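A.B. asks: what follows is a predicted protein model with its sequence.
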Amino acid sequence: MRWEQGRAPLEGMLGRGEIEKVMGSRPQAEELLAQAGKHLATARLAMESDPIGAYQLLYDAARKALCAVLENQGLRASSRGGHIAVYEAVSAQLDPPLGRSLRSFDRMRRRRNEAEYPRLGSPQFDADDVRADMAKVEAIMEISAKVIDQMQPF
């Protein structure tokens, strides 16, 4: 049975080249989830000594967890769609009911960009920034691991 929620937005994203079809791979999806877990663990260890690096790893953990959902479905963000396409594609399929738990990803994406491309006077990062988003990333990872079994190839 096909996963229907979000099908129209995903078809639009495919048509605009924001996402592309690939060979779906459960082993690759599981590898992405495993990498996400390692990133999360490393972020925990580094948040006091390197909060910017830890935040980048935290964000990457969330991104890879969302990518795992798409990978299992045979979808991948293109260079045109980038990280925002990952969020939009998964969110289109899971919101409702899980959108509230996914929304923090887009805010984290913007915050991570501030670290990658800092501007004079932009807010500094500290361990509290990492700590504040840790539970949100854990929730995204949990959702991703749970829905993979329910979402068939696109």
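C.D. replies: Alright, I've got the coordinates.

A.B. asks: what's the neighbour count on V22?
C.D. replies: V22 has 13 neighbours, counted by other CB atoms under 10 Å. Bear in mind the C-beta positions are built from the backbone N, C-alpha and C, glycine included.

A.B. asks: helix, strand or coil for the nearest residue to it once chain neighbours are set aside?
C.D. replies: Spatial nearest neighbour of V22, chain neighbours left out: R76 (4.9 Å); criterion: CB to CB, 6 or more residues apart in numbering. Put simply, R76 is strand when judged by DSSP: H, G, I helix; E, B strand; the rest coil.

A.B. asks: so what's R76 up against?
C.D. replies: 19-20, 22, 67, 70 (CB atoms under 8 Å, 6 or more residues apart in numbering).

A.B. asks: now do L40
C.D. replies: With contacts defined as CB under 8 Å, 6+ apart, L40 is in contact with 57-58, 61, 134, 137-138, 141.

A.B. asks: Provide the secondary structure category for the most centrally placed residue in the chain.
C.D. replies: For the chain, the residue sitting closest to the mean C-alpha position, by CA atoms, centre = their mean, is R63 at 2.4 Å. Under three-state DSSP, R63 falls in the helix class.

A.B. asks: doesn't E20 fall inside a helix?
C.D. replies: No: counting by three-state DSSP, E20 falls outside a helix, being strand.

A.B. asks: in the protein, where is pLDDT below threshold?
C.D. replies: 1-2 (pLDDT under 70).

A.B. asks: rerun that using 90 as the cut-off
C.D. replies: The chain contains residues with pLDDT under 90 at 1-4, 98-100, 114-125, 149-154.

A.B. asks: for A85, what are its contacts?
C.D. replies: 13, 18-19, 77-78.

A.B. asks: give me that answer again for 10 Å
C.D. replies: Each residue near A85 by CB atoms under 10 Å, 6 or more residues apart in numbering is listed here: 13, 16-20, 70, 75-79.

A.B. asks: before we move on, back to that, tell me what the residue nearest to V22 is bridged to.
C.D. replies: Beta bridges link R76 to E20, judged by DSSP bridges.
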